[in-house]
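1. have a look; sequence and predicted model below, questions after that.
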Amino acid sequence: MGTVLRQGGAHVGRLIRAHPIAFTIAVFGSTMFVSAIAIAAVVIGNITDDVIIPVLDGGEPYADLLRPAVLLIAGIALYKAVGIIIRRVGASWLQIRSQMDFVSRLIHHQYKLSMPWHHGEDTGDLLAITDNDAGQATFVLGPLPYATGVSLLLIGALVLVTSIDVWLGLVALISFGLVVTTDVGSAWFIFGGFEKLQRMVGDVSAVAHESFDGALTVKAIGAEDLEVERFSRVSNALRDQRTWVSVRAESFRTVSEIIPTLGLIAVIVVGGYRIEAGAITPGEVVTALYLMSLLSFPIRLIGFVTWETTFALASWRRIARIVEADDLIHHGEMDPSGQATGTEVSGENVTFSYPGGVPVLSDLGFHIQPGETVAVVGPTASGKSTMVSLLARLWDPDHGTIQLDGRDLRDFAERGVSSEVTIVPQESFLFNLSVRENITLGQHFSEEEVRAAADLAQATPFVLELPQGFDTVVGEQGATLSGGQAQRIALARSIVRKPRLLILDDATSAIDPSVETAILTGLRDAELPSTVVLVAYRQASITLADRVILVDDGRIIATGTHAHLLATQPVYSDILTAYANV
């Protein structure tokens, strides 16, 4: 229990240190509120002894006594209301801002992590952590300032009640202590179950994300019932775990809510005996009862904060797994050259394997001249896409180096490679933005540059037929476009950046052959400062390249012109013949 509370306290401490001013303002408002409660308790006790009892016993006129009493109570109420506003505004800002900090930190750090790390994670679980866990890890900041003020009030109330009568003080101490002990113990008892619950939320999110992403496949093969059953399994497990946590939590909370009521009864009983003994007055008993009745909820709030602290710790552990992951992409300090010419590309002794797998590429060596157009050709699963992904430094080779103009890709500063190299994958990803925004993607390009890139990608004709032309929103992942249209917009996105190395990884596979030929011919004839590397299958596309690199079983087995390989390499001829007959 001590470890959980200590780690939870350390987590909350980090959150407070990040925004100390907001926390201080919220605690100040809470202090105003709880001091108003203490002042009100004393005032009500005095009004009972000095106004109510004399009027009832002696028949004294109450008008002169009641007016100042009402004004005093109204002033205290206004003071308390101001404290409530300050506390809620400060606490709300603190909680929301801290959650935003977590979300920003999670997203920023994930982009710094390597592709092997991303390949080992479920996207749905990452979404759950970024949304659900980031909220749960900071939720404790909402009630925390109130609980801090209540702690001060608790100390003051115990002192005040004890100053009235030691026996009443003892009753209050036992009552408050039992509530706090019950809540702290129950929070520790349920912590493991809640930690499991948060993991299961991630599991449900992962399955849901996969199901929605694969909706087309599910419908195409009639697997709706199977997918519903799969989702039901994880959902039912989450329901059972949430029920387990809720039943135990509410059971403990019920005990916590009963204890203050029993404490009030004990104060009445003990107070009655002490009044009979002449040790205290009825007004003093009323003061003690008023304090304890007002503190019954705030005292439970301390326990609630204890619960939320442990829950926040469970979520923080899931967040920490990401933000403390050290599988980072390491960069050098070399700036991009800034030259407006195609880059020289070379690889030496390049070997690569995916995590936990066998080598996909073995001892590759190649050299591509600046401004040259090279086609990478090979059978399925020969390593073509892996090879070109290394050229864009989406992955790093296990051994060997890949260089631009004699400079190792790993020596470039952050974003240095992406400023000189762009890659267009076969699976084009479009955002739920307009066509223009998908092409520019956060960078400033003139209208002429956007149109020129779309022209080269043969996208302009169909874009102008869309309802709002370049301002048409294409839907999530380009849902309103065909596969070939999406590929052309993705190609325009790369062209507009005028990269020194343009990589097309089967990026025209969904495009009509005649349109593909027009695109590649346009790229060859355009005044682009680019070396072009394309993974291709169609002979019409390959013949537009200056040179062909033939890859088979993770090795470069030949390089040369199309005509030379066609005459000397049977495997090359077989590949072209196979695709020509498709």
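-> Alright, I've got the coordinates.
2. which ones are touching the nearest residue to Thr343 once chain neighbours are set aside?
-> Excluding the flanking residues, the one nearest Thr343 by CB to CB, 6 or more residues apart in numbering is Arg500, at 4.1 Å. (C-beta placed from N, C-alpha, C; glycine too.) Taking CB atoms under 8 Å, 6 or more residues apart in numbering, we find Arg500 in contact with Ser337, Gln339, Thr341, Gly342, Thr343, Leu404, Glu420, Val421, Pro529, Ser530, Thr531.
3. and those residues, which are buried?
-> Buried members of the contacts of Arg500, counted by 16 or more other CB atoms under 10 Å: Gly342, Thr343, Leu404, Glu420, Val421, Pro529, Ser530, Thr531.
4. which residue is the nearest non-sequential neighbour of the fifth one?
-> Of all residues beyond its chain neighbours, the one nearest Val421 is Leu501 (4.4 Å), with distances taken as CB to CB, 6+ apart.
5. so Gln95 sits against Pro143, correct?
-> No - contact between Gln95 and Pro143 fails when scored by CB atoms under 8 Å: they sit 9.3 Å apart.
6. which one's more surrounded, the two?
-> Legend: neighbour count by other CB atoms under 10 Å for Gln95 and Pro143, higher for Gln95 (23 against 19).
7. so how far is Val345 from that one?
-> Here Gln95 is placed at a distance of 50 Å from Val345 (CB to CB, to the nearest Å).
8. now do the same for the closest residue to Pro359 other than its chain neighbours: its pLDDT.
-> Spatially, and ignoring its direct neighbours in sequence, Pro359 is nearest to Ser353 (4.5 Å; CB to CB, 6+ apart). Per-residue pLDDT puts Ser353 at 92.
9. show me the contacts for Ser353.
-> Taking CB under 8 Å, 6+ apart as the test, what Ser353 contacts is Pro359, Val360, Leu361, Asp398.
10. mind checking which of those residues land in strands?
-> Pro359, Val360, Leu361 (DSSP state E).
11. what segments of the stretch 151-300 of the chain are helices?
-> Secondary structure of the stretch 151-300 of the chain, counting by DSSP state H, counting those that start in this stretch: helices at 166-213, 215-220, 224-276, 282-323.
12. Trp552 and Gly378 touch, don't they?
-> No, residue 552 isn't Trp; it's Asp. Yes - counting by CB under 8 Å, Gly378 is a contact partner of Asp552 at 5.4 Å.
13. the two: which is more packed in?
-> More crowded of Asp552 and Gly378, by other CB under 10 Å: Gly378, with 24 against 18.
14. quick one: residues contacting that one.
-> Going by CB under 8 Å, 6+ apart, Gly378 touches Lys384, Leu550, Val551, Asp552, Ile575.
15. in stretch 378-393, what's buried?
-> Neighbour-count burial for stretch 378-393, with 16+ other CB under 10 Å as criterion, is recorded at 378, 382-393.
16. adding pLDDT and secondary structure, write the residues you listed out as CSV.
-> Listed next are the buried residues of stretch 378-393 as CSV, based on pLDDT from 0 to 100; DSSP: H, G, I helix; E, B strand; the rest coil:
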residue, pLDDT, secondary structure
Gly378, 91, coil
Ser382, 91, coil
Gly383, 92, coil
Lys384, 92, helix
Ser385, 91, helix
Thr386, 93, helix
Met387, 94, helix
Val388, 94, helix
Ser389, 93, helix
Leu390, 94, helix
Leu391, 94, helix
Ala392, 93, coil
Arg393, 92, coil
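17. nearest to Leu565 among those residues?
-> Nearest to Leu565 among these is Gly378, at 11.3 Å by CB to CB.
18. ignoring the adjacent residues along the chain, who's closest to that closest one?
-> Using CB to CB, 6+ apart and skipping the chain neighbours, the partner closest in space to Gly378 is Val551 (3.6 Å).
19. now do the contacts for that neighbour.
-> Val376, Val377, Gly378, Ser382, Gly383, Lys384, Met387, Ile557.
20. ok, back up a step: of the helices of the stretch 151-300 of the chain, which stretch is the most buried?
-> helix 282-323 (a mean of 21; mean count of other CB atoms under 10 Å).
21. so the protein: which segments form each domain?
-> Following automatic domain parsing, one finds the domains of the chain at 2-323, 340-419+528-582, 421-498.
22. can I get those in TSV with distance to Ser514?
-> Listed next are those as TSV, based on distance: least, CB to CB, whole Å:
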stretch	distance to Ser514
domain 2-323	27
domain 340-419+528-582	9
domain 421-498	10
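23. out of those domains, which is closest to His330?
-> With CB to CB as the measure, domain 340-419+528-582 is the member of the domains of the chain nearest His330 (7.0 Å).
24. coming back round to it: where among the helices of the stretch 151-300 of the chain is the average confidence lowest?
-> Across those, the lowest-scoring stretch is helix 215-220, with a mean of 76.
25. center of this structure - which residue?
-> Closest residue to the average C-alpha location of the chain: Thr130 at 2.1 Å, with CA atoms, centre = their mean.
26. for His108, see how far away it is.
-> Taken as CB to CB, the span from Thr130 to His108 is 11 Å.
27. also Gln369?
-> Applying CB to CB, the value for Gln369 to His108 is 38 Å.
28. and for Ile21?
-> For Ile21, the distance to His108 equals 24 Å [CB to CB].
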